[in-house]
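[1] need a 3D model of the following:
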Amino acid sequence: MSIQVQYGQGFGRAAVAAAPLPALASFGGAGHAAPHVPVRAADPAVLQTLVGEAMGTTWSVRLCNPQFVPLAPVRAAIEEALALVVRQMSNWESESEVSRFNRAPAGSWHALSPEFFTVLQAAQHWALASGGAFDVGVGQLVGRWGFGPRHDPQADHMAPATMPSAQELQALRPHSVGAGLVLRDEGQQALQPGGLQLDLSGIAKGYSVDLVVQALQAQGWVDFLAEVGGELRASGTRPGGQPWRVAVAGEAGSARALPLQGMAIATSGDHWHAFDHGGRRYSHTIDPRTGEPVVHALASVTVLHQECMHADALATVLTVLGPAAGLTFALEQGVAALLCERTAQGPVWTASPAFAAHFPEFS
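    Prediction:
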């Protein structure tokens, strides 16, 4: 992830590479984040910050608090929202709902928590819409490539002991779009057909941002910026009525500053969670259609959406599809996306029409 949050007159880094957080390894795709920058002198006193750690990464909330309401209940609500996602959707927790589902016997139906079911419905939608470029049934592939839960969290970026063969990948990859995931609206149930290993790291962190937003809104907060591991969603404005501003980073330190108001933004890229082997860089983003990590010139994809869950999933979809097919998909689906592609001349930014409609400077 590579998004920065503007604090005062400058930019504080909200999601850049740092050391892993072994005790918090709740999501394989969320193990690296940066410490948060303290409030700058330029910030008014009513703009307050809460920060913490969860899901193997860091979180932050910036909120306008003109009445200086005590923030202990706010922190408690945020932490409970994030803990709920871990309890239900973390492959790194052996007794989470998804881990129990993954171990369940073939042919068994499972009544799921409402939040878990909501995420699976969204995942199934984008699997079908993308022709299988997004598929949460890639848990076995993620593990085989060494990006799943490990006993040694410090080994997060090491190549697997043996590289998978083409025959292994053929056996492990999904063989039809979304075929492994069968949902039943009645009772909010999911079928374990046998051996289906769900991995929600491409969507659950975005959903956690949405849950944090819901928790804050339930307490009556209006003006805030919520961030989990670099995925953000803005509500209202900064003190003084100005929009929140984020800087979207691309390749080699390139960045673009954007105003964010009433929307969520998520970025996918290959800056972290990767390993090098045999002269090739292997990204943590797996193409379910081939069973292999993606190989193309995209450095990052940023997606704007009303909900962070969908922004997160769509950023993964476009990353898998690559520069040309990804842009075509964004055009067909009306996705607000910004693609940063590596070229011999340096990074090239391409915005979809929906993205340029929000940010005319990219048109």
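[2] where does the stretch 101-250 of the chain have low pLDDT?
    Along the stretch 101-250 of the chain, the parts satisfying pLDDT under 70 run over 150-161, 174-179, 249-250.
[3] residue ranges of the helices in it, please?
    114-129, 139-144, 166-172, 204-218 (DSSP state H, counting those that start in this stretch).
[4] ok, the residue in the chain sticking out farthest from the centre to residue 355 distance?
    Here the chain reaches farthest from its C-alpha mean at residue 67, the gap being 33.0 Å by C-alpha atoms, centre = their mean. Relative to residue 355, residue 67 is positioned 36 Å away (criterion: C-beta to C-beta, to the nearest Å). The C-beta positions use only the backbone N, C-alpha and C, and glycine is treated the same way.
[5] sorry, back to before: mind checking which helix or strand the residue farthest from the centre of the chain is in?
    Assigned by DSSP states H and E, residue 67 belongs to no helix or strand.
[6] can you list phi and psi of the residue lying closest to residue 223 once chain neighbours are set aside for me?
    Distance criterion C-beta to C-beta, 6 or more residues apart in numbering; nearest residue to residue 223, sequence neighbours excluded, is residue 236 at 3.3 Å. Here is the backbone geometry of residue 236 (degrees, to the nearest 10): phi 60, psi -140.
[7] tell me the contacts of residue 236?
    By C-beta atoms under 8 Å, 6 or more residues apart in numbering, residue 236 lies in contact with 64, 222-224, 261-262.
[8] let's see 10 Å
    63-64, 221-225, 243-244, 261-262 (C-beta atoms under 10 Å, 6 or more residues apart in numbering).
[9] top helix in the chain by residue count?
    Longest helix in the chain by number of residues (criterion: DSSP state H): helix 72-89.
[10] now that one against helix 114-129, angle please.
    Per axes from the mean of the first three to the mean of the last three C-alpha atoms, to 10 degrees, the angle that helix 72-89 makes with helix 114-129 is 60 degrees.
[11] which other helices and strands does helix 72-89 contact?
    Using 3 or more C-beta pairs under 10 Å, 6 or more residues apart in numbering; DSSP states H and E, the elements in contact with helix 72-89 are strand 47-54, strand 57-64, helix 97-103, helix 114-129, helix 204-218, strand 224-228.
[12] that helix - what's its average pLDDT?
    Predicted confidence along helix 72-89 averages 98 (mean pLDDT).
[13] okay, the angle between it and strand 224-228?
    Counting by the same axes, to 10 degrees, helix 72-89 points 40 degrees away from the direction of strand 224-228.
[14] and helix 72-89 with helix 204-218, angle?
    Here helix 72-89 points in a direction 150 degrees away from that of helix 204-218 (the same axes, to 10 degrees).
[15] buried residues, helix 72-89. List them.
    74, 77-79, 81-82, 84-89 (16 or more other C-beta atoms under 10 Å).
[16] before we move on, what about stretch 121-133?
    The neighbour-count check on stretch 121-133 (16+ other C-beta under 10 Å) flags 122-124, 126-127, 129-130, 132-133 as buried.
[17] output that stretch as PDB - backbone C-alpha positions only.
    Extracted in PDB, the C-alpha atoms of stretch 121-133 (Å, rounded to 0.1, in the frame of the first residue of the first chain):
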ATOM      1  CA  GLN A 121     -21.300 -11.500  -1.500                       C
ATOM      2  CA  ALA A 122     -19.100  -8.600  -2.700                       C
ATOM      3  CA  ALA A 123     -16.300 -11.000  -3.400                       C
ATOM      4  CA  GLN A 124     -18.500 -13.200  -5.500                       C
ATOM      5  CA  HIS A 125     -19.900 -10.200  -7.400                       C
ATOM      6  CA  TRP A 126     -16.400  -9.000  -8.400                       C
ATOM      7  CA  ALA A 127     -15.200 -12.600  -9.200                       C
ATOM      8  CA  LEU A 128     -18.000 -12.900 -11.800                       C
ATOM      9  CA  ALA A 129     -17.700  -9.400 -13.100                       C
ATOM     10  CA  SER A 130     -13.900  -9.700 -13.600                       C
ATOM     11  CA  GLY A 131     -14.000 -13.100 -15.300                       C
ATOM     12  CA  GLY A 132     -12.100 -14.700 -12.300                       C
ATOM     13  CA  ALA A 133      -9.400 -12.000 -11.900                       C
END
